[in-house]
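# Sequence and computational prediction follow.
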Amino acid sequence: MRDSHRGEAERLLARAVEEEVRRSGGRTDGSALLSRARGALDAMGETAAEEYAAYTQALDEAEAGRLTFGQRYAREGAGTPLVVAAVAAVAACVADLALGTGAGTAVGAGAVVGVAGAAAT
């Protein structure tokens, strides 16, 4: 059993034993019960080894097929959306200048449009 899966199973066993001790009002020996539960977990692991191997293989295959955001972004080609954002920024700047807006304000508006377009990609 993988360490991460074993750790999760151990934590679940500990919680189940704590709950059983709580329900029994402290009459149940928690350490003995936990020891038996761990032994039963090992026995279940041995009998289900083939199924567990198939499960972990499926997990590995699913993980291998999963792309990170950066990989997906690079593969899908972000170039076109970024060019569109840049053209929109320049168009906003030029339009503001044509309408008589000050140069600083026009460049600011173009920058805002460019950043918003890039973020949207």
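In hand now; what should we look at? Residues are numbered from 1 along each chain as shown.
# domain assignment for the chain?
For the chain, the TED database gives the domain ranges 3-65, 69-119.
# Out of these, indicate the one that is most buried.
Highest mean neighbour count among these (mean count of other Cβ atoms under 10 Å): domain 69-119, with a mean of 13. C-beta here means a position set from N, CA and C on the backbone, and glycine is covered the same way.
# re the thing from before, lowest mean pLDDT across the domains of the chain, which one is that?
Per-stretch mean pLDDT for these is lowest at domain 69-119 (a mean of 84).
# quick one: the helices in the protein?
Under the criterion DSSP state H, the chain contains helices at 3-23, 30-47, 49-65, 69-76, 79-98, 103-120.
# how near is the closest residue to Ala14 other than its chain neighbours to Glu18?
Using Cβ to Cβ, 6 or more residues apart in numbering and skipping residues adjacent in sequence, the residue nearest Ala14 is Leu34, 6.6 Å away. For Leu34, the distance to Glu18 (Cβ to Cβ, to the nearest Å) stands at 9 Å.
# ditto for Glu46
26 Å.
# cool, Asp60 as well?
For Asp60, the distance to Glu18 - Cβ to Cβ - is 33 Å.
# now do Pro81
Distance of Pro81 to Glu18, computed by Cβ to Cβ: 53 Å.
# Over to Arg27?
Following Cβ to Cβ, the distance that separates Arg27 from Glu18 is 14 Å.
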